[in-house]
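Quick one, structure for this:
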Amino acid sequence: MHIIVCISHVPDTTTKIRFNENLTDLDTQGIKWVVNPWDDLTLTRAIELKEQSNGKISKVTVLHAGDSSTEPVLRKALAMGADEAWRIDGNFSDSYTIACQLARAIKDKDYNLVVCGIESSDYNGSAVGGMLSELLGIPAVSSVSSIDIDDNNFTVVRETETGKEKLKVNGPFLIVGQKGVASDPRIPSMRGIMMARSKPINVIPADECKSFTQTLKFEYPKPKAPCRFFDPEDTDELVRILRDEAGVL
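Residues are numbered from 1 along each chain as shown. As a prediction, this is how the structure comes out:
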């Protein structure tokens, strides 16, 4: 069995985000890039499944769409325990073009499970997984918080508005993983880091995929209002502010 994990690279959560002068693009100067946190969890679980499968899962592949500057995230994935890495070469502007590129790279491969994180921590689009399953023509299970393998079937638990839903699924299919799919991201060992240095990163040329959206402009969020302090005895003033200015009451 073969698991393909789609990963992306995003700014570290401690990075201060800036845009260019025209507010049309991200200013990448000084940004520290990391594996998308949701993809960190889904990749961790894919590697755990391989280790627990008694040889039923033979390979975990990571797949990423981006230019050569993004290769450190693939090296980390290999250091975590992925068997091979593929990069679709290019800069892609929206969720559809990324899903399209991923689908064309996956469609001719022999696989049982495709894994995506629920969203990227930069744009929070939550769209690539669903689009990818449609383009591949395979079933998808969203909001997955647990996945296990039993014989040749996968058992997944997904979160719903009213509770949890447990499903048994045959491959090939796609899951969109969220919090809970793995306890913690796997930390690469020193041995894994050393081995990852010598593993090849396979580069695939990008295909023609039409983009249907265009980013016109970014806007910074409005500054937060300063904190206001009230005399604990003056509850009437607090109620007035909440009613007349905050619109809470």
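
What's the local residue count around Met80?
If you count neighbours by other CB atoms under 10 Å, Met80 ends up with 23. Backbone N, C-alpha and C define where each C-beta goes, glycine included.

er, Ala127 actually
Count around Ala127 with other CB under 10 Å applied: 16.

And for it, nearest residue in space, chain neighbours not counted?
Excluding its sequence neighbours, the residue lying closest to Ala127 (CB to CB, 6 or more residues apart in numbering) is Ser95, at 3.9 Å.

I'd say the one you found and Val128 touch.
Yes. Using CB atoms under 8 Å, Ser95 makes contact with Val128 at a distance of 5.1 Å.

more neighbours, these two?
Val128 (25 against 22).

what separates that one from Asp122, distance-wise?
Separation of Val128 from Asp122 (CB to CB, to the nearest Å): 13 Å.

swap in Leu63?
19 Å.

Looking only at neighbour counts, state which of the two leads.
Leu63 (26 against 15).

part of a strand, is that one?
Yes. When DSSP: H, G, I helix; E, B strand; the rest coil is applied, Leu63 is found to be in a strand.

List the beta-bridge partners for it.
Listed by DSSP bridges, the beta-bridge partners for Leu63 are Cys6, Trp86.

residue contacts, it?
Residues counted as contacts of Leu63 (CB atoms under 8 Å, 6 or more residues apart in numbering) are Ile4, Val5, Cys6, Ile7, Ala85, Trp86, Arg87, Ile88, Leu102, Ala105, Ile106.

before we move on, what about Leu113?
Counted by CB under 8 Å, 6+ apart, Leu113 has contacts Met1, His2, Ile3, Ile4, Ala46, Phe154, Gly171, Pro172, Phe173, Leu174, Ile175.

Now render those residues as JSON lines, adding secondary structure, distance to Leu238 and pLDDT.
Output for these, formatted as JSON lines (DSSP: H, G, I helix; E, B strand; the rest coil; distance: CB to CB, whole Å; pLDDT from 0 to 100):
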{"residue": "Met1", "secondary structure": "coil", "distance to Leu238": "61", "pLDDT": "92"}
{"residue": "His2", "secondary structure": "strand", "distance to Leu238": "61", "pLDDT": "95"}
{"residue": "Ile3", "secondary structure": "strand", "distance to Leu238": "55", "pLDDT": "96"}
{"residue": "Ile4", "secondary structure": "strand", "distance to Leu238": "56", "pLDDT": "97"}
{"residue": "Ala46", "secondary structure": "helix", "distance to Leu238": "52", "pLDDT": "96"}
{"residue": "Phe154", "secondary structure": "strand", "distance to Leu238": "54", "pLDDT": "92"}
{"residue": "Gly171", "secondary structure": "coil", "distance to Leu238": "58", "pLDDT": "78"}
{"residue": "Pro172", "secondary structure": "coil", "distance to Leu238": "59", "pLDDT": "93"}
{"residue": "Phe173", "secondary structure": "strand", "distance to Leu238": "54", "pLDDT": "94"}
{"residue": "Leu174", "secondary structure": "strand", "distance to Leu238": "51", "pLDDT": "97"}
{"residue": "Ile175", "secondary structure": "strand", "distance to Leu238": "48", "pLDDT": "94"}
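
Against Ala140, how distant is the residue nearest to Lys76 when sequence neighbours are not counted?
Leaving aside its chain neighbours, Lys76 sits nearest to Val35 (5.7 Å; criterion: CB to CB, 6+ apart). Using CB to CB, Val35 is found at 22 Å from Ala140.
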